[in-house]
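Participant: Predicted structure and sequence below. I'll ask about it afterward.
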Amino acid sequence: MSILARSNDALNVNPPVGNRHLSVGGSDWLWAVCAIYTFSFLIVVGLTFFAKQGERIFHYLFTISLFTGAIAYFAIASDLGSTAIKISDTLSSPGTREIFYAKYINWFVGWTPLIIALGLISGVSWATIAYHVALAWTWVASWLSGAVTGTNYKWGFFAYGTVAYFLLAVSLLNDGFVTAKRLGILRHYLILSGWAVFLWLLYPIAYGLDDGGNKIDVTDGFVFFGILDVLLVPVIAFGILVLSRGWDYRNLNLYFTQYGRVAQGADLVEREKAAPAPAAPVVAPEETV
């Protein structure tokens, strides 16, 4: 029986910081989330080899998102990537709280490919996609600043970050609606973007209870955020990969060639294959004396 016994020594090897910190049970849950991300990452990498040439853009994007999430949750489950921050409300819960900045790094990096994927599906311009990415970065950076602030001024950062979320949500649903309708992919786009916007709406609630308001323990906060993260990135990743099997990549301008993301004519790929090789340089004959 001792051979089958398993123990989680992460918190013994990497002792928690702060009076309110991650528990062993919380670490166990985070290892499970890490396993979900890692398994999803391996599946997406495997599917990449079976995707058609020129139709692997979503595989590449979600490989980065899932890989980043797996690394981040490995760090958090190991009780790494954190710091102790003084709790502002010293009357109800004095002391310090363990804040995991690795969680925000995961959002900063891992949400970027997801937002790019939604932008590509909707057909909005590259400028709009860059705007969406910048809003997400502003959102996460603001919340991280608030999380490591030990006074009630943290709520100012929370407000700025939440405004960035609302701007992102409005642009995704409004600008994306117009272009996705024109491309004939509106139903699928609304399902995917609507799911993301809905889940992101729950993040301010989780933040207010967890790193912001210190109303729930660190472990409870990670149960909340862990569920949201799993429902966001892995679910949308596989949702896009499944739905995209019925999409016309050329019609959606998603077929990437050596010329980049361009409008695809019916014979562009054939013309690429048939393009003549560059001629060898002509060397002038040497002059004889």
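Facilitator: All right, it came through fine. Residues are numbered from 1 along each chain as shown.

Participant: okay but residue 141 is in contact with residue 108, surely?
Facilitator: Yes: the pair residue 141 / residue 108 is scored as a contact, 7.2 Å apart, by C-beta atoms under 8 Å. In this view, the C-beta of every residue, glycine as well, is placed from N, C-alpha and C.

Participant: Is residue 84 in a helix, a strand, or coil?
Facilitator: Three-state assignment for residue 84 (DSSP: H, G, I helix; E, B strand; the rest coil): strand.

Participant: and it, what is it in contact with?
Facilitator: Listed by C-beta atoms under 8 Å, 6 or more residues apart in numbering, the contact set of residue 84 reads 17, 18, 96, 97, 98, 99.

Participant: Please report how far it lies from residue 119.
Facilitator: Here residue 84 is placed at a distance of 38 Å from residue 119 (C-beta to C-beta, to the nearest Å).

Participant: Same check on residue 43?
Facilitator: From residue 43 to residue 119 the distance is 24 Å (C-beta to C-beta).

Participant: More neighbours: which of these two?
Facilitator: Under the criterion of other C-beta atoms under 10 Å, the comparison of residue 43 against residue 119 puts residue 119 first, with 24 against 16.

Participant: Where does that one fall, secondary structure wise?
Facilitator: helix 101-122 (DSSP states H and E).

Participant: Please apply the same query to residue 214.
Facilitator: Per DSSP H and E, there is no helix or strand for residue 214.

Participant: Would you list the phi and psi of it?
Facilitator: Dihedral angles of residue 214 (phi, psi; degrees, to the nearest 10) stand at phi 60, psi 40.

Participant: from what I can see it touches residue 97, true?
Facilitator: Yes: if you go by C-beta under 8 Å, residue 214 and residue 97 touch, sitting 5.9 Å apart.

Participant: Pull up the overlap in contacts between those two.
Facilitator: 20, 87.

Participant: Look at residue 79 and say how many residues are nearby.
Facilitator: 23.

Participant: so it sits in a helix?
Facilitator: No: counting by three-state DSSP, one finds residue 79 to be coil, located in no helix.

Participant: Could I have the CA atoms of stretch 128-140 written out in CSV?
Facilitator: Provided in CSV are the C-alpha atoms of stretch 128-140 (Å, rounded to 0.1, in the frame of the first residue of the first chain):
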residue,chain,number,x,y,z
THR,A,128,-8.5,46.4,-33.8
ILE,A,129,-6.8,43.1,-32.7
ALA,A,130,-3.9,45.2,-31.3
TYR,A,131,-6.3,47.4,-29.5
HIS,A,132,-8.0,44.4,-27.9
VAL,A,133,-4.6,42.9,-26.8
ALA,A,134,-3.5,46.3,-25.3
LEU,A,135,-6.8,46.5,-23.4
ALA,A,136,-6.3,43.0,-21.9
TRP,A,137,-2.7,43.9,-20.9
THR,A,138,-3.9,47.2,-19.3
TRP,A,139,-6.6,45.2,-17.4
VAL,A,140,-4.2,42.6,-16.0
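
Participant: Tell me the gap between that stretch and the middle of its chain.
Facilitator: 12 Å (C-alpha atoms, centre = their mean, to the nearest Å).

Participant: Give me the contacts around it.
Facilitator: Contacts for stretch 128-140 (C-beta under 8 Å, 6+ apart): 104, 107-108, 111-112, 115-116, 118-120, 160-162, 164-165, 167-168, 171-172, 175.

Participant: and that stretch, what's its mean pLDDT?
Facilitator: Here stretch 128-140 scores 97 as its mean pLDDT.

Participant: buried ones in stretch 209-222?
Facilitator: 210, 211, 212, 213, 214, 216, 217, 218, 219, 221, 222 (16 or more other C-beta atoms under 10 Å).

Participant: Just list the residues touching the closest residue to the third one other than its chain neighbours, thanks.
Facilitator: Translated: residue 212. Leaving out its chain neighbours, the residue that sits closest to residue 212 by C-beta to C-beta, 6 or more residues apart in numbering is residue 158, at 5.6 Å. Residues near residue 158 by C-beta under 8 Å, 6+ apart: 142, 143, 146, 204, 207, 208, 212.

Participant: can you rerun that using 10 Å?
Facilitator: 142, 143, 145, 146, 147, 149, 204, 207, 208, 211, 212, 213 (C-beta atoms under 10 Å, 6 or more residues apart in numbering).

Participant: So the residue nearest to residue 167 when sequence neighbours are not counted versus residue 74, what's the distance?
Facilitator: Leaving out its chain neighbours, the residue that sits closest to residue 167 by C-beta to C-beta, 6+ apart is residue 135, at 5.4 Å. Relative to residue 74, residue 135 is positioned 28 Å away (C-beta to C-beta).
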